[in-house]
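[1] Let me see the structure of the following:
(2 chains)
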Amino acid sequence: MDEAPQIEVRDLTMGYGERVVQAGIHFRVSRGEVFVIMGDSGCGKSTLMRHMVGLQSPRTGDVYYDGEGYWAAGEERREALKRKFGVLYQYAALFSSMTLEENVSLPLVEHAGLTEADAREVGRLKLALVGLAGFERHYPAEISGGMKKRAGLARAMALDPEILYFDEPSAGLDPLTSRRLDDLILELRTSLKTTIVLVTHELPSIFELGDHAVFLDAEKKTMTALGKPSDLKESADPKVRAFLSRGRL
Amino acid sequence: MTGSGTNPAPRVALERVADGTLRVRLSGSWDLAGGVPPADEVVGELERGATRLVLEDAGLERWDSSLVTFLHEVAAEASRRGAALDAGPLPEGARRLLGLALAVKPHVEPPSPEDDALTARVGRVALHVWGTAGDALTFLGETVLAFVALVRGSARFRRVDLLHAFEATGVSALGIVALINFLIGAVLAFVGAVQLQQFGAAIYVANLVGIGVLRELGPLMTGIVMAGRTGAAFAATLGTMTVNEEVDALRTMGLRPAEFLVLPRVLATALMMPALVAYADLLGLLGGLFVGVTLLDLGTTEYVRQTQASVALRHAWIGLSKSVAFGAVVALTGTYYGIRCGRSAAAVGEATTKAVVMGIVLVVVVDALATVLTYLLGL
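    Predicted coordinates:
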């Protein structure tokens, strides 16, 4: 990672109330790479993502976007920094009272200042990109779980963000749908040159998509490994090795 | 996405070639913030018979989704008209994205089999109302069976849920019930006084407030407050449980929602309502007394004696009896709409609204029926 990192997490400590979830988290994410945040259940993967996307403030440390500290920045700057990333939530978080087209065009109208007609056109494109052409007028309740994920992805990339965050994209999907979503993520990375941060514990996704990965240990409450997923299979930490080989050591 | 430098406006130049080929030469800086340039010109050329479209990079400086949206619109139109498309000369990223957007054929909604004639529409509404009535009756039947199970001692629900329901429908509602009924008593006394004073009969305000509050307004206002407060809370809670599949989980565990969820709520509300109404009656009478003493210069003892003399105890009993029915109606409506809620956040809001509106309507309807019944019985 010679060039300046696009995202840098420095000395991050996270917690709820009195309880510290993770401490001493530090890593860098380069432009255009797929970075995986992994770890056992309850280790704080999603919490780390919430800190990175500005939903939860850290106890100590900060998250830097192109060298600018997110939490050190003022409210106005933070709103501007948020435009750099889009987020796909675990359960897609689509607005149930809006059609898919309205879901996707909402940020385009509110943030990019597009006219309703232009926003609809861009919305149709984004839905077509994720294979949902023709479903523009459908409501989230009328489509399957995998389609919801894809619609959530279309909304996350509505504003052409530089970075896309994915929280457990494969959760609740069958292997084929999950595989198609992984392929779509890779295609988007190649076509859009988007940086991707992926929270997951799905081994196929980690090995197929991840350029680099960080492992969070729930017991030690800190990160215990950082590197290429294929290298981490040989990590000195037995727990990381066990995790990446589904316990078959 | 690509390129940098100055930002000349996006440009679309069209060049017709003899064999029906249309070259769409794209240049300039394409930025989403500037909107999406219209594709009308290209569509016009397609209408005039262009059979092949060539999309070309003729000096694109910077581009983002606005370019791909334009390309997608043009490509979709070309596909509709059977024109061939050549996106080869585009930047690689844009070409790949266009390919991705066109990879899956648009889903075509099958035509609705529904008949749109007036008679068919009226028929559908009638069938829906009939279906809802049948469903509500089924729900009522399940609840009655749950009560039968309760009497037999075989109803399965958590006693702690019943206690929570008692708290939610009782103690927690004291404040709002007190405020509303005190003010209703005061308003009734004030409006009555304006009329009665003209005949020097201000003391009869005590009769008006006493009978009005105990027999009608105390139970009715408390019923309406409870429909807005407790009925809505039941619908929202059970609606959210339905969305989260908690109600399904109960069913698969062999627990009946009618026993586990509905019974404690209906029981608690029906039992707490008379207590709440007794409290509401007291506050309503105090509201009337307050206006009588402060605005009408009546003595406290005089007002109380007049109330005692004019208000028979049966008025209070009638009000308290009605309140049990009001409580049951409010709780049944709230739990019914909660359990029959759809599977989305919007459905929870809809269920809550329906529970409140239907709860208030049914409370007033039950009150009207009770008034007719007491009249027929000479009470």
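
[2] Relative to B:Ala258, how far out is B:Val148?
    Look at B:Val148 and B:Ala258: by Cβ to Cβ, to the nearest Å, they are 11 Å apart. Backbone N, C-alpha and C define where each C-beta goes, glycine included.

[3] higher neighbour count, these two?
    B:Ala258 (24 against 11; other Cβ atoms under 10 Å in any protein chain shown).

[4] what about the more buried one, which SS state?
    In terms of secondary structure, B:Ala258 is helix; the call rests on DSSP: H, G, I helix; E, B strand; the rest coil.

[5] what about the spatially closest residue to it that is not a sequence neighbour, neighbour count?
    Nearest-residue entry for B:Ala258: B:Glu142, 3.9 Å, with adjacent residues in sequence omitted and distances by Cβ to Cβ, 6 or more residues apart in numbering or on different chains. Neighbourhood size, B:Glu142 [other Cβ under 10 Å]: 16.

[6] which SSE is B:Glu142 in?
    Following DSSP states H and E, one finds B:Glu142 within helix B:118-152.

[7] What are the buried residues along that helix?
    Within helix B:118-152, the residues scored as buried using 16 or more other Cβ atoms under 10 Å in any protein chain shown are B:Ala136, B:Phe139, B:Glu142, B:Thr143, B:Ala146, B:Phe147, B:Ala149, B:Leu150.

[8] Just the pLDDT at the second one, thanks.
    Put plainly, it is B:Phe139. The score at B:Phe139 is 95. That number is its pLDDT.

[9] Now do the contacts for it.
    B:Ala258, B:Val262, B:Leu332, B:Tyr336, B:Ile339, B:Arg340 (Cβ atoms under 8 Å, 6 or more residues apart in numbering or on different chains).

[10] and which of the residues you listed is nearest chain A?
    Chain A lies nearest to B:Arg340 out of these, by Cβ to the nearest Cβ, at 15.1 Å.

[11] Please report the distance of the closest one from B:Thr374.
    33 Å.

[12] ok, these two, which is more surrounded?
    More crowded of B:Arg340 and B:Thr374, by other Cβ under 10 Å: B:Arg340, with 19 against 16.

[13] wait, that one sits on B:Ala351?
    Yes - the criterion here is Cβ atoms under 8 Å, and B:Arg340 meets it with B:Ala351 at 7.3 Å.

[14] Tell me which helix or strand in chain A has the weakest average pLDDT.
    helix A:175-192 (a mean of 84; mean pLDDT, DSSP states H and E).

[15] do you know how far the residue in the stretch 251-379 of chain B that chain A sits nearest to is from A:Lys148?
    Of all residues in the stretch 251-379 of chain B, B:Ser344 sits closest to chain A, at 3.5 Å by Cβ to the nearest Cβ. Counting by Cβ to Cβ, the gap from B:Ser344 to A:Lys148 is 11 Å.

[16] Mind listing the shared neighbours of these two?
    Common neighbours of B:Ser344 and A:Lys148 (criterion: Cβ under 8 Å, 6+ apart): A:Pro140.

[17] For chain A, give me the ranges with low pLDDT.
    A:1-2, A:248-249 (pLDDT under 70).

[18] please redo it, this time with the cut-off set to 80
    Residues of chain A that meet the criterion pLDDT under 80 lie in A:1-3, A:113, A:172, A:247-249.

[19] Which residue ranges of it form helices?
    A:45-52, A:75-82, A:100-110, A:116-129, A:145-156, A:175-192, A:203-209, A:229-232, A:238-244 (DSSP state H).

[20] Can you show me the helices along the stretch 201-350 of chain B?
    With DSSP state H, counting those that start in this stretch as the criterion, the stretch 201-350 of chain B has helices at B:205-211, B:218-226, B:232-243, B:246-252, B:257, B:263-295, B:300-310, B:313-339, B:345-376.

[21] and the last one, average pLDDT?
    It stands for helix B:345-376. On average, helix B:345-376 scores 95.

[22] What parts of the stretch 101-250 of chain B come near chain A?
    When proximity is defined by Cβ under 8 Å from any Cβ of the partner chain, the stretch 101-250 of chain B lies next to chain A at B:Ala101, B:Leu102, B:Ala103, B:Val104, B:Lys105, B:Pro106, B:His107, B:Val108, B:Glu109.
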